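Chemist: predicted model and sequence below, questions to follow.
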Number of protein chains: 2
Amino acid sequence: MDPKAMFSISYGIFMLATKDGDKINGCITNTCMQVAAVPTRVAIACINKNLTCEMIKRSGVFTMSILDQSATFDTIKRFGMQSGRNVDKFADFKCPVDEKGIPYLPSQTCAVISCHVVSSQDLGSHTLFIAEVDDAIRTSDKAPLTYNDYQNNVKPKAAAPVQKKIVGWRCKICGYEYKESVLPADFICPLCGHDVSDFEPIYE
Amino acid sequence: MDPKAMFSISYGIFMLATKDGDKINGCITNTCMQVAAVPTRVAIACINKNLTCEMIKRSGVFTMSILDQSATFDTIKRFGMQSGRNVDKFADFKCPVDEKGIPYLPSQTCAVISCHVVSSQDLGSHTLFIAEVDDAIRTSDKAPLTYNDYQNNVKPKAAAPVQKKIVGWRCKICGYEYKESVLPADFICPLCGHDVSDFEPIYE
């Protein structure tokens, strides 16, 4: 099996939020699909160790904000790259709430759905929730952001590693400079007697 | 609820195939997502009245061919717009088969996964299958086709209705021509006495 083949399935990017008692939290997920009609139901898969997943198991309700092509990395970072166990992701990020009091994203999204869980199945790493859609609104005419779009257009590109040329080595103890690019492993500083572990590279 | 909001969820396009005894069949679906790791499992939702769905309930095995950007409307039409109850969709369309003898699409796809069902849930209109992935191969480096791509780039555009200008009306009985664009409803042919139901438009 080629594990990379699994990446070929198309996914969207969603901000999944819930409210459990007075606590609200949200995270970034990429699994949501309609699985039945009359009534409209969706299936979502959540990582069990995520706080949002734990909270949905108790609350049984959630919103799915469907990110669109205008979604920024900052939004994805806010909800997807830190845990609600350590920070309040909504503290300085005001959002409207649905009829159940669950926050959702009114911008950077093309639609928002509000759901209640009708069944769940623990699959070990994840829990699969099947939920009935109570409300669904469109928030823009833009195309939904796909996981591919995120990888290609939204995620910051890693900076190219800087290729610096080493032209010599300096003894950190006495300042002696060895004027060759390669320092022999058994080199001893002729001034202070220290070995190569006390030398640092001199760049061009 | 705005039902169109549900269309904002991103989906791929898949050729879902199975083998039940000696019979093979396949259809086009848009729901497949990975729902768990170790072992890798996917969830798919199938319309209960589709033959492929009935067959998977018996066979418990399927392949998912993940269509890519090179997929043609002909392929989608072959598998998605006719029923295996009436035609053998693979009769003049040779495909390789996986280890279980289930056909898959080696071209117009970026990956193919081969699965066996571990649980299913009847949701009325659809059945949700959770299946373990037995094999997964990549078949191209192209991006997966999304449902949006299909709607915008693959599906043939409806021909624009031809706006032909009516410049007169001809009596189909005697050939008399009335030289105005609007034929009065009570008009009677001055040559043969027939009414407007026997007139046809004359286009520019």
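Modeler: Sure, I can see it. Numbering: from 1, shown residues only, chains lettered A, B, ... in the order given.

Chemist: can you map out the strands along chain A?
Modeler: All strands of chain A, identified by DSSP state E, fall at A:14-20, A:23-29, A:33-36, A:41-47, A:61-67, A:109-122, A:126-138, A:166-171, A:177-178, A:199-203.

Chemist: among these, which comes closest to B:Arg78?
Modeler: Closest to B:Arg78 of these, according to CB to CB: strand A:33-36, at 24.0 Å. Placement of C-beta: from N, CA and C, glycine included.

Chemist: CA atoms of that closest one as CSV?
Modeler: This file holds the C-alpha atoms of strand A:33-36, laid out as CSV (Å, rounded to 0.1, in the frame of the first residue of the first chain):
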residue,chain,number,x,y,z
MET,A,33,-19.6,15.0,3.7
GLN,A,34,-23.3,14.7,3.3
VAL,A,35,-24.3,11.1,3.8
ALA,A,36,-28.1,11.1,3.5
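
Chemist: mind checking the pLDDT average for it?
Modeler: Strand A:33-36 carries an average pLDDT of 94.

Chemist: what does stretch A:93-106 give?
Modeler: Rounded to a whole number, the mean pLDDT of stretch A:93-106 is 96.

Chemist: how distant is that stretch from the center of its chain?
Modeler: How far stretch A:93-106 lies from its chain's middle: 20 Å, per CA atoms, centre = their mean, to the nearest Å.

Chemist: before we move on, back to that, need the strands of chain A in TSV (columns: mean neighbour count and distance to chain B).
Modeler: Shown next, in TSV, are the strands of chain A (neighbours: other CB atoms under 10 Å in any protein chain shown; distance: least, CB to the nearest CB, whole Å):
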stretch	mean neighbour count	distance to chain B
strand A:14-20	26	8
strand A:23-29	22	10
strand A:33-36	22	4
strand A:41-47	23	4
strand A:61-67	27	5
strand A:109-122	20	4
strand A:126-138	20	4
strand A:166-171	17	37
strand A:177-178	14	47
strand A:199-203	13	38
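
Chemist: can I get those strands in CSV with distance to B:Gly60?
Modeler: Supplementary listing: the strands of chain A in CSV, determined by distance: least, CB to CB, whole Å:
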stretch, distance to B:Gly60
strand A:14-20, 31
strand A:23-29, 28
strand A:33-36, 19
strand A:41-47, 19
strand A:61-67, 31
strand A:109-122, 18
strand A:126-138, 18
strand A:166-171, 61
strand A:177-178, 70
strand A:199-203, 62
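
Chemist: can you pull out the low-pLDDT segments for chain A?
Modeler: A:159-162 (pLDDT under 70).

Chemist: picking up where we left off before, B:Phe79: which of the strands of chain A is closest?
Modeler: Per CB to CB, nearest to B:Phe79 of those: strand A:33-36, 19.5 Å.

Chemist: now for the closest one, which elements pack on it?
Modeler: strand A:41-47, strand B:41-47, strand B:126-138 (3 or more CB pairs under 8 Å, 6 or more residues apart in numbering or on different chains; DSSP states H and E).

Chemist: those: which one's closest to A:Met33?
Modeler: strand A:41-47 (5.8 Å).

Chemist: what lies in contact with the closest one?
Modeler: A:16, A:29, A:31-35, A:52-53, A:56, A:62, A:64, A:113, A:115, A:118, A:123, A:125-133, B:9, B:33-36, B:43, B:45, B:123, B:128 (CB atoms under 8 Å, 6 or more residues apart in numbering or on different chains).
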